[in-house]
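[1] build me a model from this:
(chains A and B)
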Amino acid sequence: MKNKLLILPSIFFAIILSIFFYLLITERNPSEIPSNLLNKNVPFFEAESLFKNEKFISSQELKNEIILVNFFATWCKPCRDEHVYIKRFSNKKGIKVIGINYKDNSKKTIEWLKNLGNPYSDVLIDKNGRIAIDWGVYGIPETFIVNSSGIIKYRHVGPITNKIYKKINLIINENE
Amino acid sequence: MKMNNTNSLILTRILIISLAFFIIQFFLNVSYTVEPDEILKNQEHELRARNISRNIRCMICQNQSIDESNAPLAKDLRILIRNKIKAGNNDKEIYKFLTDRYGDFILLKPPFNLNTLGLWFLPFIFLILGIYIVFYHNKKSG
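    Residues are numbered from 1 along each chain as shown, chains lettered A, B, ... in the order given. Predicted structure coming up:
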């Protein structure tokens, strides 16, 4: 009887151990928080554009095509790292790339885009970070994929790497 | 003997003072980072803002409330909460505004709903299971 009782905790321990081991070997970022905006409409916002004179109104612009929304800043080093991938997206057909310039200096941003190339069809100014809060952004850079009905399908926190680039491409293809 | 008495008196005093210090520290919990320019003039509003801020997680540090964190986003959210209070929003509306954007994760205390059922009940289930095993085991071996 005593042996029987010892088996139960051992099984229990083995289960816990395998769960921990599974979580350890699967690739995931435990500090990454899933977006609450997934499968919801893009938040409504109005913003000044860096290069255009007209006001950007989200409900009018973020629809009818797949849009990649990228929060970036010139003071953010990972933004520079992922810039090459943003440029690749801008060359892709059937997708519009919009940049939201987070708490930045407009002059520096224009210079930065001149040096590195401007992949954005429009750059919006988020001077005090209020637009970012509406998108649930907590770490720059962040990238969102919005489908043609204006629904957010994907969010990535941190710089786009080769792996994430491939993943986003798959999501774009799925939503086409 | 006299020397001993003074010594023990000093020791007791030190003990009492340090104990008092720890108790005050514990209850005051003065480790907040609200900056002077953020504080609202209306004390009732400020108190409400502080209470909400204590329950809101700093998304950058993740284990601190925005009341304790000096991350820029925490500051932005503290100001936003105060602006919303000034605009006449109630606490429930402010919590909803934040959870709509950042999810339940932004609340330091997880809400009680279908998704968090396990989180709230599993500890009790394990406790009951543990008690059962201990008693069952004792009964058998006894």
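
[2] quick one: contacts for residue 26?
    With no chain named, the answer covers chain A. Taking Cβ atoms under 8 Å, 6 or more residues apart in numbering or on different chains, we find residue A:26 in contact with no residue. Glycine gets a C-beta too; all of them are placed from N, C-alpha and C.

[3] can you look at chain B instead?
    Per Cβ under 8 Å, 6+ apart, neighbours of residue B:26: none.

[4] equivalent analysis for residue B:110, please.
    Residue B:110 touches B:104, B:116, B:119, B:120, counting by Cβ under 8 Å, 6+ apart.

[5] tell me the most packed of the residues you listed, by neighbour count.
    residue B:104 (15 neighbours; other Cβ atoms under 10 Å in any protein chain shown).

[6] distance-wise, check the closest residue to that one other than its chain neighbours relative to residue B:119.
    Of all residues not flanking residue B:104 in the chain, residue B:111 sits nearest, at 5.7 Å (Cβ to Cβ, 6 or more residues apart in numbering or on different chains). Relative to residue B:119, residue B:111 is positioned 10 Å away (Cβ to Cβ, to the nearest Å).

[7] kindly report the same for residue A:164.
    On the measure of Cβ to Cβ, residue A:164 and residue B:119 end up 30 Å apart.

[8] tell me the contacts of the one residue sitting closest to the centre of chain B?
    Against the mean C-alpha coordinate of chain B, by Cα atoms, centre = their mean, the closest residue is residue B:54 at 6.2 Å. Residues near residue B:54 by Cβ under 8 Å, 6+ apart: B:65, B:67, B:108.

[9] what about the residue nearest to residue B:104, how many neighbours?
    11.

[10] and it, backbone torsions?
    The phi/psi pair for residue B:111 (degrees, to the nearest 10) reads phi -70, psi 160.

[11] and the longest helix seen in chain B, which residues are buried?
    The helix that spans the most residues within chain B, counting by DSSP state H, is helix B:2-28. By 16 or more other Cβ atoms under 10 Å in any protein chain shown, helix B:2-28 has no buried positions at all.

[12] flag every buried residue along the helix or strand following that helix.
    Per DSSP states H and E, the first helix or strand lying C-terminal to helix B:2-28 is helix B:43-55. Residues B:46, B:48, B:49, B:50, B:52, B:53, B:55 are the ones in helix B:43-55 that count as buried (16+ other Cβ under 10 Å).

[13] after helix B:43-55, which helix or strand is next?
    helix B:72-86.

[14] state the pLDDT value of the residue most central in space within chain A.
    Closest to where the C-alpha atoms of chain A average out (Cα atoms, centre = their mean) is residue A:143, at 2.1 Å. Note on residue A:143: pLDDT of 96.

[15] got phi/psi on it?
    Dihedral angles (degrees, to the nearest 10) for residue A:143: phi -130, psi 130.

[16] distance from the chain centre to the helix or strand where residue B:126 lies, please.
    Counting by DSSP H and E, the element that carries residue B:126 is helix B:117-141. In terms of Cα atoms, centre = their mean, to the nearest Å, the centre of helix B:117-141 is found 29 Å from the chain centre.

[17] against which helices or strands is that helix packed?
    helix A:2-25 (3 or more Cβ pairs under 8 Å, 6 or more residues apart in numbering or on different chains; DSSP states H and E).

[18] not counting sequence-adjacent ones, nearest residue to residue B:120?
    residue B:112 (6.0 Å).

[19] surely that neighbour is in a helix?
    No - assigned with DSSP: H, G, I helix; E, B strand; the rest coil, residue B:112 falls outside any helix and is coil.

[20] was I right about it contacting residue B:104?
    No - at 10.5 Å, residue B:112 and residue B:104 do not qualify as touching, with contact defined as Cβ atoms under 8 Å.

[21] next up, phi/psi of residue A:157, please.
    The phi/psi pair for residue A:157 (degrees, to the nearest 10) is phi -100, psi 130.

[22] ok, what's across the strand from it?
    residue A:142 (DSSP bridges).

[23] wait, isn't it in contact with residue A:138?
    Yes - between residue A:157 and residue A:138 there is a contact at 7.2 Å, judged by Cβ under 8 Å.

[24] now the common contact residues for those two.
    residue A:33.

[25] so, low pLDDT: which residues of chain B?
    Residue ranges of chain B with pLDDT under 70: B:1-3, B:27-32, B:140-142.

[26] mind giving me the domain ranges of it?
    Annotated domains of chain B cover B:1-30, B:31-111, B:113-142 [automatic domain parsing].

[27] helix, strand, or coil at residue A:78?
    When classified by three-state DSSP, residue A:78 comes out as helix.

[28] please name the residues that touch it.
    So residue A:78 contacts A:140, A:141, A:158, A:159 (Cβ under 8 Å, 6+ apart).
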